[in-house]
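K.L.:
I'd like to go over a predicted model; first the sequence, then the structure.
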Amino acid sequence: MWCIPPEQNAEFVCAMENVLEVYHRPYDPQRPVVCMDETSKQLVKETRVPQPPRPGQPERFDFLPSLVRVASSTIPIAPSPSVLLVN
C-alpha cells in the first residue's frame, strides 16, 4: 500500500492520478502496460548433517543456516491480459 507523503501537494496528487488512469486504458497489444515488481530472497544451506530420528520419534531439523548469497528478482507484469514474464 502506498500513501501520499505529507510534504507533497496537490500537484503531486494530480500526477499520481494520471499514473493510475493508465490502468483504465483499453488493452493495446502495440503499447502494453507493464508493471515492475522486485523481490529479494536469502539463499541458505544447512550447516549440520541431520541425524536420523529414533524409532517412533518425529523427524527434527537443527536450524542453523549459513547464508550463501542474496538473490534479487525483477518481475515485469502486464496486468491487462494477466501476463507474467519471469526471467
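P.N.:
Yes, it's here.
K.L.:
Find me the pLDDT at residue 55, would you?
P.N.:
Predicted confidence (pLDDT) for residue 55: 91.
K.L.:
actually residue 1, sorry about that
P.N.:
52.
K.L.:
heads up, I number from 236, so please use that
P.N.:
Understood, numbering begins at 236; the last thing we discussed is residue 236.
K.L.:
Partner strands of the host helix or strand of residue 307 and their direction?
P.N.:
Applying DSSP states H and E as the criterion places residue 307 in strand 300-313. Using DSSP bridges, strand 300-313 pairs in its sheet with strand 270-281 (antiparallel), strand 318-319 (antiparallel).
K.L.:
Adding distance to residue 262 and mean neighbour count, write those strands out as CSV.
P.N.:
Heads up, the C-betas are built off the backbone N, CA and C, glycines and all. Supplementary listing: the strands paired with strand 300-313 in CSV, determined by distance: least, C-beta to C-beta, whole Å; neighbours: other C-beta atoms under 10 Å:
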stretch, distance to residue 262, mean neighbour count
strand 270-281, 14, 10
strand 318-319, 11, 10
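K.L.:
Lowest average pLDDT across those strands?
P.N.:
strand 318-319 - the lowest mean pLDDT of the strands paired with strand 300-313, at a mean of 58.
K.L.:
Show which residue of this structure lies farthest from the average position.
P.N.:
residue 290 (41.7 Å; C-alpha atoms, centre = their mean).
K.L.:
secondary structure class for that residue?
P.N.:
coil (DSSP: H, G, I helix; E, B strand; the rest coil).
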